[in-house]
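*Asks:* Predicted model, plus sequence, below.
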Amino acid sequence: MADPMHQFEVKPVVEIPPVNVPGLGLVDLSITNSVVAMFVAATMIILFFSVVTASPKVVPGRLQVVGEGMFSFIDDLATGIIGPQGRAFFPFVFTLFIFLLAMNMLGMFTVFTATAQLAVALTFALMSFLLVVVVGLVRNGLGFFKLFLPSGVPWYLWWLVVPIEVISFLLRPVTLSLRLFGNMLGGHVAMKVFAGFIVSLSAVASAGGVAYLAYVAAVLAFGGVLALTALEFLVAFLQAFVFAVLTCVYLNDAVHAGDH
């Protein structure tokens, strides 16, 4: 059976000599399959919305319905969680959602899934986390730190509650990235394993005789691949959606930190 982890190996597509960056040392700027996957996803998004917005109609066509539906979906999500102020964060949340969704879906049709790389998932999580910190400090000043001391907590429990809240806050980018990375990685590994079973069992069955029974197991493995593929399409959407939802939840905390 082929190595199911081989599909996640980052390989250079266009090799570029490393550049010496002061303070960082040598930085490899080679274009990898991960970079290509993200570039293709971004290009697909740009082309799609270019077509959708090229000639908008009062009675929308199918593509316009899909495009406007996505806008409305994320707009309702942001304003529903954050409130009227959520519309200010719509561009960021929408871009995050649609880019993650495009990379997740692209990974279902190609041999590489960028979001199955922890570095990629963590980068997006850190972007959300830093935005939350900046928004919290700009909008609330020192009142942002009320987030770590919920109202109603007795003073004698502050020593316990505050460290827990601080640690929980600092772990947000970790949990956010691991959720996306783990689900995309696990789903693709499971599909590859079941697909490997089909090949292996078919090879066993080719020996003839009693070994023909292996075809039954191969058919079951094929059914497993179909089921996992359908599930993985759902997971690809859900993980982008959950990432957007949690980003809105965290932004809500930052916007309303002074109210805690």
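*Replies:* Yep, that arrived.
*Asks:* Residues contacting the helix or strand of the chain with the lowest mean pLDDT, please?
*Replies:* When each helix and strand of the chain is scored by mean pLDDT, DSSP states H and E, strand 25-27 comes last, with a mean of 81. Defining contact as C-beta atoms under 8 Å, 6 or more residues apart in numbering, one finds that strand 25-27 is touched by Pro18, Val19, Asn20, Val21. In this view, the C-beta of every residue, glycine as well, is placed from N, C-alpha and C.
*Asks:* in stretch 141-160, what counts as buried?
*Replies:* Neighbour-count burial for stretch 141-160, counted by 16 or more other C-beta atoms under 10 Å, picks out Phe144, Phe145, Lys146, Leu147, Phe148, Leu149.
*Asks:* quick one, helices of the stretch 51-200 of the chain?
*Replies:* 62-82, 90-109, 118-140, 158-170, 172-205 (DSSP state H, counting those that start in this stretch).
*Asks:* Just give me the lowest mean pLDDT stretch among those.
*Replies:* Per-stretch mean pLDDT for the helices of the stretch 51-200 of the chain is lowest at helix 172-205 (a mean of 86).
*Asks:* closest to Asp28 out of the helices of the stretch 51-200 of the chain?
*Replies:* The closest of the helices of the stretch 51-200 of the chain to Asp28 is helix 118-140. By C-beta to C-beta, the value is 12.7 Å.
*Asks:* helices or strands up against the top helix by length along the chain?
*Replies:* Criterion DSSP state H: the longest helix present in the chain is helix 214-255. Packing partners of helix 214-255 (3 or more C-beta pairs under 8 Å, 6 or more residues apart in numbering; DSSP states H and E): helix 62-82, helix 90-109, helix 118-140, helix 172-205.
*Asks:* average pLDDT for it?
*Replies:* pLDDT averaged over helix 214-255 gives 90.
*Asks:* That one versus helix 158-170: what angle between them?
*Replies:* Between helix 214-255 and helix 158-170, the angle comes out at 120 degrees (axes from the mean of the first three to the mean of the last three C-alpha atoms, to 10 degrees).
*Asks:* ok, the contacts of strand 25-27 vs Ile198, which is closest?
*Replies:* Among these, Pro18 lies closest to Ile198 (C-beta to C-beta), at 41.8 Å.
*Asks:* Hmm, that closest one is touching Leu24, no?
*Replies:* No. The criterion here is C-beta atoms under 8 Å, and Pro18 misses it with Leu24 at 10.6 Å.
*Asks:* between the two, which one's more packed in?
*Replies:* Pro18 (12 against 8; other C-beta atoms under 10 Å).
*Asks:* contacting residues for the more buried one?
*Replies:* By C-beta under 8 Å, 6+ apart, the residues touching Pro18 are Leu26, Val27, Asp28, Leu29.
*Asks:* and with 6 Å instead?
*Replies:* Pro18 makes contacts with Leu26, Asp28, as judged by C-beta atoms under 6 Å, 6 or more residues apart in numbering.
*Asks:* Quick check: the gap between it and Thr79.
*Replies:* 46 Å (C-beta to C-beta, to the nearest Å).
*Asks:* neighbours around the nearest residue to Ala218 once chain neighbours are set aside, how many?
*Replies:* Excluding the flanking residues, the one nearest Ala218 by C-beta to C-beta, 6 or more residues apart in numbering is Leu201, at 3.9 Å. The tally of other residues near Leu201 (other C-beta under 10 Å) stands at 21.
*Asks:* Hmm, Leu201 is touching Tyr215, no?
*Replies:* No. Shown here, Leu201 and Tyr215 do not form a contact pair, counting by C-beta atoms under 6 Å, at 7.2 Å.
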